[in-house]
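Asks: Take a look and give me a structure for this.
(chains A, B, C, D, E and F, ligands or ions: 5)
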Amino acid sequence: MFGALLKKELMVARRNWIGIVIPLFFFVMVVSLFPFGVSPEAPTLQKIAPGIIWVAALLATLLSLEQFYRSDYQDGSLEQTLLIAGPTQVASAKILAHWLLTGLPLVIVSPLLGILMQINHGFVDSNHTWVLMLSLLLGTPTLCLIGAVGMSLALAANRNGMLVAVLVLPLYVPILIFGTSTVTASLENFSYNGQLAILAALLLIALVMSPFAAGRALKISVS
Amino acid sequence: MFGALLKKELMVARRNWIGIVIPLFFFVMVVSLFPFGVSPEAPTLQKIAPGIIWVAALLATLLSLEQFYRSDYQDGSLEQTLLIAGPTQVASAKILAHWLLTGLPLVIVSPLLGILMQINHGFVDSNHTWVLMLSLLLGTPTLCLIGAVGMSLALAANRNGMLVAVLVLPLYVPILIFGTSTVTASLENFSYNGQLAILAALLLIALVMSPFAAGRALKISVS
Amino acid sequence: MTNKGLLASDLTISRAEHVLLEGAELELAPSTITYLYGENGAGKTSLMRCLSGLLQADSGKINWNGQSITSLDSEYFQDLIFLAHALSMKAELTIFENLSFYARLRGIKDPKSLIDDATSQLGIAQLQKRRFAELSAGQQHKVALCRLVIEPAKIWILDEPFVNLDKATRHWLAALIQDFAKQGGVVLFTSHHEIEELAIDQRIGIEH
Amino acid sequence: MTNKGLLASDLTISRAEHVLLEGAELELAPSTITYLYGENGAGKTSLMRCLSGLLQADSGKINWNGQSITSLDSEYFQDLIFLAHALSMKAELTIFENLSFYARLRGIKDPKSLIDDATSQLGIAQLQKRRFAELSAGQQHKVALCRLVIEPAKIWILDEPFVNLDKATRHWLAALIQDFAKQGGVVLFTSHHEIEELAIDQRIGIEH
Amino acid sequence: MNSFHEFIFMGKHGAYVWSSYLMTFIVLLGVFYWFRYLLKSLRSQVKSELNSSDSNAARPKARKLKVEKNESRD
Amino acid sequence: MASRWRWFHQLGSPKWFFEKSAKWLPWIWAGTLILLAVGLYYSLWASPIEARQGQGHTVRIMYIHVPAAALSMIGYVAMAIASTIGLVWKMKMAFAASRAIAPIGAAMTFIALFTGAVWGKPTWGTWWEWDARLTSELLLLFLYLGFIALHSSFAERAKADKAAAVLAIVGVINVPIIYFSVKWWNTLHQGYSVTQKGALAPEFQVPLFTMIGAFYLLFIGLVIMRLRVEILMREQKSRWVADWTAQKEQK
Ligand code: HEM
Ligand SMILES: Nc1ncnc2c1ncn2[C@@H]1O[C@H](COP(=O)(O)OP(=O)(O)OP(=O)(O)O)[C@@H](O)[C@H]1O
Ligand SMILES: Nc1ncnc2c1ncn2[C@@H]1O[C@H](COP(=O)(O)OP(=O)(O)OP(=O)(O)O)[C@@H](O)[C@H]1O
Ligand SMILES: [Mg+2]
Ligand SMILES: [Mg+2]
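Replies: Numbering: from 1, shown residues only, chains lettered A, B, ... in the order given. Ligands and ions are numbered 1, 2, ... in the order given. All right, here's what the predicted structure looks like:
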């Protein structure tokens, strides 16, 4: 059942892949703008790299939420799946699909962005790239999880556009802070285990709560 | 007729006062993400401020495009307005409304964003804020104009499977670069008239071409 | 000069590479009610969209009052109301806001009394301030029908206008159509049910 | 143990602060076809959504086979097919993809032959690879009806299932419903037209 | 505080202190009057609904179900 | 029903609360005014300037800044508790209460932010600094506004209540997370001083505690006012509201 839900999400996404590509494209573009906009010097870039990459990840997740949830609500397939599969399961499948389509690609392209932003400047044999990937790997699912709750609430409110962002952004801040500081710590040769542990803990909390809360909200939205 | 079209757009987007305030929060929030990610120190913030504020503008335009055009297409009101009012007029009204709802609020809150991003740090009696506002005032309409063409093409392509929308993003890059560099020049005490002139020229070109092109594309999308 | 009606000749329509209609000829004269029938997927909607100028035919001519509808653009479209399967109302707006939007598009400055009249004919006057999304299926359909009362026109192209309506409203709509035709209007409509209340002047079937 | 059917007692339903139905009692026994009627906006859809567990009633009990539908959650929902006004198909996917999604949700591993059978009964087999958005209104409706053939269920709640269908398909659907009831199924449906082809066992009106 | 002059100017910081107090005052008083206004307008709304004679007729009444069983088939 | 639960059920009754609260309000306002008068006298006139850290007269801003900041946080917690009660026990009055607290909490947050920013200019030399407390206060404002925005977006109140309650609960779990993350990220703001014994000179304590008391009472009074509005909105069509309006009419 979960498999069917997930497969449908992926299939729909493949059909209108603009929706999927745009966030990713956006992510890369935002990041690659900074060398133009701010400064092309390696040390400066390196300094702002973690923050920029993380903010871009956050915005990309946010940007894709609307697209990802709205259409099911409008064409009535949301209520059908809720009936057949139950709210928590529907929410979980959506969240997982959303992460596979926006979070995972980000994790995958992040080494490229690291190079673009000179993340290894002045280091030999550094593992900054791995740290960046790991932090994104732990952080982006949390973004999707929290985003699902916000989006489901916004759907229930039958409201368009930016309400989701307003609901969700304050909740994103801790993830952003810890995600960034993981990478920054690595760049400064400090230990980053603590930050990673916190990211993991946040992920766990969200993992326990979000599918349930999002499911409830989805149920409210179709009633 | 144009008035009626415009009024409808504004009404749909902003059902009540909450809707008017939401874009304003949105900008403040997106911009205030960067201090968390990048660095809360004034000199660094000041340096990246123009880029960040401009990226927020671009983001807001992009984020709202889909929603802004798709729903009219789906509920059939697009074809009705095209029949009654003609394509160019429909496109113009949509573009103007879109700018009033995403571009203008950004111009209005930009002084506040300037404070948050410490744009006047180390200056007395500077006019950076005005330059920022002016660059946004000239640049954001162009974003809406180009976005309209891209979005209408994407709607039309739904049918033929051609994906033109991705082409819009590269067109945004020049605007972003000139917009950012206007403010950066001001921060570095250089002259910024050249950049402003280019922004104005881009606006003019887009103003002449976009409504017509977007109208045509909309017409194709409903056939 | 009296209106010469809508005349289509040698119309060929295709969708997604496959030809639906070939060399179709039809005439919709003023004061006639034309019933278009055909099984699901026969091409009724496609034909109507063609006649409304939304879909481009592969070949053929469509004339309104003696002039091609592509040449005299806005004039024909000022005369036309086309009700499609999609109801063309914004879910976020109230009934009143939706209807006054269309009225204003037609150049009606102060549509309040017209809207009051139309909605009370259909028994939805007390719902004027309700958002469109918060109506039942039939009530939503009724809102779309209000446009026929509010907006002035000379030709109605109605794609399944009787769907979702209860008996009383079907009666009302049949009477409205009859009345419009009596006053010189051109009507083309489809329906999968026979509408006994309506005196049909012309039947056009899309058949193999 | 035989199925005891669906039993609702003392149901009060309201929408947006206004009470639609008060103290409603109804029984849908196995092997009966129930016709729900009422004018536009009477509350048919709301009642059906309540019986499907989508809308929360203000008060009252709904039991399926002797147990409350809120307590035995999934079991009831495995037995139920609810077809709403919205067709619940993804516009981007093909007919086949849409139908196999619902089949898989019901735990059917390899739905191909079932889908072939259903679509050919409805004459849309050759359209299986067409995207849902590129179908005519009636063809889209037919796709939704295929679910009745494909998915196993014990109770059907159908909100205006006859809408947009041509005569042949209406016949087919009536026969399908009759057949399902004969095999012990529970059917509740609405329609604004009388369906002569269908032998109705119970009529429930929503009236003042 | 020694003089009225000091009270007003607060040793060059008058603008800061006074603007804080003033803004607080405005916001809180604004909230207070806003709520008062809400209560009053609600009351007059309820009143006008009570007074208008057709209010009860306009408000749709709850409906009932009418069940007819057709026994002929069994 | 055990009698010690009676108050809970009474609070759950809109009619009971509406009638009783009309009697409480005058007392609350009277208390507020007295405390405010005393507090303002001390804070603007009778209390001395701060010399140790060279803040001078700007210390007077503290007497409104600190109470507002404290209430902004307590308000959010109260709102979340009310939301939880509403969701768990399906108590409509609790939903109404959470809706009533939101705008007042947001106003307090705004005051804390504004006075803090104004205080920051002379003491830190800047209106805004990305410091832990300031930042979490800003985020708290966004959380409040999100709650209000979400609640106002619904046509059906029952749906609005439930959805906004979900948000409030998710938000309150995040408040400590936000606070600690931000604190750990950057700290500049004044540490705890009021609560530590002897950290604050007694001449500052008198005005501060009086003002804190005044703000608490004011907060409670405003919440009750807003709750009365909320109750009227929700019970518009009930018998007792009609009776009450008629009765008001006669006076
Ligand atoms: C926008 C700027 C500011 C914000 C958002 C802000 C926020 C806060 C918050 C949330 C509290 C906690 C209240 C409590 O725990 O009960 C607080 C307390 C306090 N603030 Fe600020 N503040 C700001 C600026 C300032 C400035 C500029 C100063 C003084 C230089 C200041 C001095 C204090 C003091 C003395 C306390 C009491 C500390 C305690 O003992 O808990 N604040 N502020
Ligand atoms: N989402 C909603 N919010 C508020 N009110 C609603 C909502 N949906 C329906 N209503 C109201 O509830 C009443 C019953 O609606 P319902 O959809 O149940 O009617 P129905 O009997 O199915 O009518 P129809 O034959 O037109 O489909 C209507 O008066 C309608 O205005
Ligand atoms: N957007 C589209 N793209 C491709 N083919 C389409 C599209 N819309 C309709 N068709 C096909 O064109 C044919 C005619 O469709 P049309 O909508 O005109 O039928 P119709 O007579 O209105 O049927 P119905 O009674 O079901 O509404 C159908 O076979 C349909 O599959
Ligand atoms: Mg059709
Ligand atoms: Mg219905």
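Asks: helices or strands next to the longest helix that chain C contains in the packing?
Replies: Across chain C, the longest stretch assigned as helix under DSSP state H is helix C:167-182. With contacts taken as 3 or more CB pairs under 8 Å, 6 or more residues apart in numbering or on different chains; DSSP states H and E, helix C:167-182 sits against strand C:32-37, helix C:137-150, strand C:155-158, strand C:186-190. Quick note: C-beta positions are derived from backbone N, CA and C, even for glycine.
Asks: Show me which residues of the host helix or strand of F:W184 are buried.
Replies: In the assignment (DSSP states H and E), F:W184 maps to helix F:157-185. Across helix F:157-185, burial judged by 16 or more other CB atoms under 10 Å in any protein chain shown covers F:157-172, F:174-175, F:177-179, F:181-182, F:184-185.
Asks: residues contacting the residue of the stretch 51-200 of chain F found nearest ligand 5?
Replies: Here the stretch 51-200 of chain F gets closest to ligand 5 at one residue, F:E156, 17.7 Å apart by CB to the ion. By CB atoms under 8 Å, 6 or more residues apart in numbering or on different chains, the contact set of F:E156 is D:15-17.
Asks: distance between stretch C:35-54 and the chain's centre?
Replies: Offset of stretch C:35-54 from its chain centre (CA atoms, centre = their mean, to the nearest Å): 12 Å.
Asks: same check, this time on stretch A:166-175
Replies: 12 Å.
Asks: Could you export that stretch as PDB, CA atoms only?
Replies: Taking C-alpha atoms only, stretch A:166-175 is exported to PDB below (Å, rounded to 0.1, in the frame of the first residue of the first chain):
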ATOM      1  CA  VAL A 166       5.000  32.000   7.000                       C
ATOM      2  CA  LEU A 167       4.000  28.900   9.000                       C
ATOM      3  CA  VAL A 168       7.100  26.900   8.400                       C
ATOM      4  CA  LEU A 169      10.100  29.200   8.200                       C
ATOM      5  CA  PRO A 170      10.300  30.000  12.000                       C
ATOM      6  CA  LEU A 171      10.400  26.300  12.600                       C
ATOM      7  CA  TYR A 172      13.200  25.800  10.000                       C
ATOM      8  CA  VAL A 173      15.600  28.100  11.800                       C
ATOM      9  CA  PRO A 174      17.100  25.600  14.200                       C
ATOM     10  CA  ILE A 175      17.800  23.100  11.400                       C
END
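Asks: what residues does it touch?
Replies: Taking CB under 8 Å, 6+ apart as the rule, stretch A:166-175 contacts A:58, A:62, A:65, A:139, A:142-143, A:146-147, A:149-151, A:153-154, A:199, A:202, B:22, B:25-26, B:29-30, B:33, B:36, F:139, F:142-143, F:145-146, F:149-150, F:167, F:170-171, F:174, F:177-178, F:181-182.
Asks: Just the ones in strands from those residues, please.
Replies: Residues of these located in strands (DSSP state E): none.
Asks: At the contact with chain D, which residues of chain C appear?
Replies: Residues of chain C lying close to chain D (CB under 8 Å from any CB of the partner chain) are C:15-16, C:38-41, C:44-46, C:85, C:130, C:134-139, C:141-142, C:160, C:163-170, C:192-193.
Asks: Kindly give a single PyMOL line that selects the buried subset of the residues you listed.
Replies: Selection command for PyMOL covering only the buried members of the residues of chain C next to chain D, criterion 16+ other CB under 10 Å:
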select buried, chain C and resi 38+39+40+41+44+45+46+85+130+134+135+136+137+138+139+141+142+160+163+164+165+166+169+170+192+193
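Asks: What residues does the residue of chain F found nearest ligand 4 make contact with?
Replies: Distances between chain F and ligand 4 by CB to the ion are smallest at F:A155, namely 31.9 Å. By CB under 8 Å, 6+ apart, the contact set of F:A155 is A:158, C:131, C:134, D:16.
Asks: And the lowest mean pLDDT element among the helices and strands of the chain?
Replies: Picked chain A for this. helix A:17-37 (a mean of 70; mean pLDDT, DSSP states H and E).
Asks: The chain in question should be chain E.
Replies: helix E:55-58 (a mean of 51).
Asks: Report the buried residues of the longest helix anywhere in chain A.
Replies: In chain A, with assignment by DSSP H, the single longest helix is helix A:42-75. For helix A:42-75, a neighbour-count test (16+ other CB under 10 Å) marks A:44-75 as buried.
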